[in-house]
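1. pasting the sequence and the predicted model now:
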Amino acid sequence: MLGSDSPADAAPPTPGTLPKARRAIQISLIGGMSHVDSFDYKPELDRHHGQSLKTDETPDIFFGRVGLLRRSDWKFKQRGQSGLWISDMFPHIAGMADELLLLRSMVSDSANHTPALFFLNSGFGANGFPSTGSWLSYGLGNESQSLPTFVVLPDARGGPNGGASNWSSGFLPAQHQGIVFQGGDQPVRDLFPSTEQPPGRDEAVKRFLASLSQKVNSDTSNSLLDARIRSYELAAKMQTSVPEVSDLSGEPRHIQDMYGLHDKTTSDCGRRCLLARRLLEQGVRFVQIYSGGPIAGSPRASWDAHESVKQNHGFEASRIDRPIAALLKDLRRRGMLDDTLVMFTTEFGRTPFAQSAANAVGPGRDHNRYGFSGWLAGAGVRRGASHGSTDDVGWKAAEHPMPWHDFHATMLHLLGLDHTRLTYYHNGIQRRLTNVHGEIHTGILG
């Protein structure tokens, strides 16, 4: 789980720019959140409801059914002092508008869930490449002596398409992969023996590791053994630290209520958002929170609103809106938002037209890779502002299009890393998270 056999572990690259953020949280909505129903207000979509999309192109959408333009099921309002337009889908997050930097011109290279998630998480449309969290672990190192650098908190209903490939270390040393924390009595799988061990067994293992460590200290050339010992030492420390950090019972009742821990609808996301804050406090660099599980099934357990945007998004938003707003409030109250980058992302958006017959306005929307929204908050970003735009009906990015390579380059910059210098030699190539692409969007920076 935590093992590594690479000498490169001992010498991660150094930051290339002065960091604004020390750590990050990414909230990833699986299935494709509709931007035109949430963070991208389009009055023209309301005016042209029931009309055909004006385009000479054949849209690259999943099911290929291009219905008539469809107005939003939610009302948009200007929020906070900044006046950002955010819909009633997210009333609690809307209350934090003055902390948000809305990204309204995201684009993806794929309209298919699995490769689109890989682009989001690794910059490539296939598996086998290191995830964002793994690159951050490799580039920044660990601030905790007893917890992993990169932690993944999946939805209780299941993991995303592509499974563990979304938080894989790829060709980076294995210690940089994401470690999944799950619900139940054992948050980390296989951290404890499945059968009862003889008395004194743990102490004997610790003494053995200590003797090996002493040997390594006298032989600095054996970096492979050193890396292996460090991974076992971390696993041993996690047997104490993981149960402690995962125990939310000691949090004050008003904090538990703020996150919605005692509400059936919000309890799953609330627990994970609160756990994310506690992990960051203990030195974890990167926490990834997933909203949505497997794409298939009925009713859907993700944001994949093919059948009904109102029904699907209304339910999914009710699960996460309050906890995410609570996380932002809690980080701000503790002074952590000043050096924490919070990212709210989805693999693609949804079409402004209905997924229905060409002469109909159905209740669902198909995938839209040409333009969609997310947001940032916290360290180094403008607050109460927006960046980029889509066209009049929200079909395609129009101003400052932001592919994932640009998003990743900008994220690394905020964390003090130069995306052109954060490299790893693999199969004859100096590999990067941003491949040979990536531009920093300076309009995001505060």
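-> Sure thing, it's come through.

2. burial count for residue 106?
-> Neighbourhood size, residue 106 [other C-beta atoms under 10 Å]: 28. Where you see a C-beta, it was placed from the backbone N, CA and C, and this is true even at glycine.

3. what does residue 338 give?
-> 14.

4. so what's the spatially closest residue to it that is not a sequence neighbour up against?
-> Spatially, and ignoring its direct neighbours in sequence, residue 338 is nearest to residue 379 (6.1 Å; C-beta to C-beta, 6 or more residues apart in numbering). Contact analysis of residue 379 by C-beta atoms under 8 Å, 6 or more residues apart in numbering lists 20-22, 337-341, 414.

5. quick one: the helices in the stretch 51-200 of the chain, in order.
-> 91-94, 113-122, 132-140 (DSSP state H, counting those that start in this stretch).

6. what is the mean pLDDT for the second one?
-> Per-residue pLDDT values across helix 113-122 average out to 98.

7. between helix 132-140 and it, find me the angle.
-> 20 degrees (axes from the mean of the first three to the mean of the last three C-alpha atoms, to 10 degrees).

8. just checking, what packs against helix 113-122?
-> Packing contacts for helix 113-122, counted by 3 or more C-beta pairs under 8 Å, 6 or more residues apart in numbering; DSSP states H and E, involve no helix or strand.

9. now that helix, how far from the centre of its chain.
-> Relative to its chain's centre, helix 113-122 lies at 11 Å (C-alpha atoms, centre = their mean, to the nearest Å).

10. how about that helix: buried residues?
-> 113-122 (16 or more other C-beta atoms under 10 Å).

11. may I have that helix as PDB, with CA atoms only?
-> C-alpha atoms of helix 113-122 as PDB (Å, rounded to 0.1, in the frame of the first residue of the first chain):
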ATOM      1  CA  HIS A 113     -16.900   9.800 -18.300                       C
ATOM      2  CA  THR A 114     -13.800   7.600 -17.800                       C
ATOM      3  CA  PRO A 115     -11.300   9.400 -20.100                       C
ATOM      4  CA  ALA A 116     -12.800  12.800 -19.000                       C
ATOM      5  CA  LEU A 117     -12.100  11.900 -15.300                       C
ATOM      6  CA  PHE A 118      -8.600  10.800 -16.300                       C
ATOM      7  CA  PHE A 119      -8.000  14.200 -18.000                       C
ATOM      8  CA  LEU A 120      -9.300  15.900 -14.800                       C
ATOM      9  CA  ASN A 121      -7.100  13.900 -12.500                       C
ATOM     10  CA  SER A 122      -3.900  13.200 -14.500                       C
END
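
12. ok, which of the helices of the stretch 51-200 of the chain comes nearest residue 29?
-> Residue 29 lies closest to helix 113-122 among the helices of the stretch 51-200 of the chain, at 10.2 Å (C-beta to C-beta).

13. residue 286 touches residue 139, doesn't it?
-> No. Using C-beta atoms under 8 Å, residue 286 is not in contact with residue 139, being 10.5 Å away.

14. where does the stretch 51-200 of the chain have low pLDDT?
-> 184-185, 189-200 (pLDDT under 70).

15. now do the strands in the stretch 301-446 of the chain.
-> 340-346, 349-350, 367-368, 372-378, 385-387, 389-390, 397-399, 423-426, 429-432 (DSSP state E, counting those that start in this stretch).

16. in its sheet, what does the first one sit against?
-> Neighbouring strands of strand 340-346 in its sheet, by DSSP bridges, are strand 23-29 (parallel), strand 372-378 (antiparallel).

17. got a PyMOL select line for the buried ones in the contacts of residue 379?
-> The buried residues among the contacts of residue 379 can be selected in PyMOL (16+ other C-beta under 10 Å) with this line:
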select buried, resi 20+21+22+337+339+340+341+414
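
18. now tabulate the contacts of residue 379 in CSV and tack on distance to residue 165 and pLDDT.
-> Listed next are these as CSV, based on distance: C-beta to C-beta, whole Å; pLDDT from 0 to 100:
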residue, distance to residue 165, pLDDT
20, 30, 91
21, 26, 96
22, 27, 96
337, 31, 98
338, 33, 97
339, 30, 97
340, 26, 98
341, 24, 99
414, 25, 98
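
19. buried ones in stretch 97-113?
-> Buried-residue list, stretch 97-113, by 16+ other C-beta under 10 Å: 97, 99-113.

20. wait, I meant stretch 117-137
-> Buried-residue list, stretch 117-137, by 16+ other C-beta under 10 Å: 117-125, 127, 129-137.

21. turn the buried residues of helix 113-122 into JSON lines, columns for distance to residue 327.
-> Below are these laid out as JSON lines (distance: C-beta to C-beta, whole Å):
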{"residue": "113", "distance to residue 327": "26"}
{"residue": "114", "distance to residue 327": "28"}
{"residue": "115", "distance to residue 327": "29"}
{"residue": "116", "distance to residue 327": "25"}
{"residue": "117", "distance to residue 327": "22"}
{"residue": "118", "distance to residue 327": "26"}
{"residue": "119", "distance to residue 327": "25"}
{"residue": "120", "distance to residue 327": "20"}
{"residue": "121", "distance to residue 327": "21"}
{"residue": "122", "distance to residue 327": "25"}
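
22. so which of the strands of the stretch 301-446 of the chain is the most packed in?
-> strand 349-350 (a mean of 31; mean count of other C-beta atoms under 10 Å).

23. by contact count, what packs against that one?
-> strand 367-368, strand 372-378.

24. give me the nearest residue to residue 446, chain neighbours excluded.
-> Sequence neighbours aside, residue 382 is the residue nearest to residue 446 in space, at 4.7 Å (criterion: C-beta to C-beta, 6+ apart).

25. for the one you found, give its distance to residue 207.
-> 54 Å (C-beta to C-beta, to the nearest Å).

26. look at the two and report which has more neighbours.
-> Comparing residue 382 with residue 207 by other C-beta under 10 Å, the one with more neighbours is residue 382, at 16 against 11.
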